[in-house]
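Student: one predicted model, sequence on top.
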Amino acid sequence: MKLVLVCRKIMNTITKLVRDHIPALLVARHVPHKIRVAGPMEYRCALVKKLHEELEEFDALHSLEELADIMEVIEALKKLPEYWGIEEYRHQKMLEKGGFSNRIILSSEAA
């Protein structure tokens, strides 16, 4: 089964991935809720879904808060075994192709 289908099946059963301190904040406010800890595959799927959500929110609001949320999700993804080498890979791409600091916009005519 493809990973996308596995993620969709898993994500149909999870409500929302939240930051670690959210359950305690809900308890302090007497907000009823249930929590559980995701398994590895569900966690990966939840992080990818969360990244999409945060990107949409950032696109709409352009706020520091939303950018911080995106960065936090990326930091969590970087800790997953399949992404352990990402900083070296990112650095190598930077050396080979550069970054985005020169603000270059490329355009070309369609063939």
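Tutor: Here it is on my side, so go on. Residues are numbered from 1 along each chain as shown.

Student: quick one: mean pLDDT for stretch 58-78?
Tutor: Confidence for stretch 58-78, expressed as mean pLDDT, is 97.

Student: no wait, stretch 81-91
Tutor: Across stretch 81-91, the average pLDDT comes to 96.

Student: start to end distance for that stretch?
Tutor: Across its full length, stretch 81-91 reaches 18 Å end to end, with C-alpha to C-alpha, to the nearest Å as the criterion.

Student: give me the residues contacting that stretch.
Tutor: Outside of stretch 81-91, the residues within contact range by C-beta atoms under 8 Å, 6 or more residues apart in numbering are Arg44, Leu77, Lys78. For the C-beta atoms, the positions are set from N, CA and C on the backbone; glycine is no exception.

Student: name the nearest residue to the last one, ignoring sequence neighbours.
Tutor: Right, Lys78. Take Lys78 and drop its neighbours on the chain: the residue closest to it by C-beta to C-beta, 6 or more residues apart in numbering is Ile86, 5.3 Å away.
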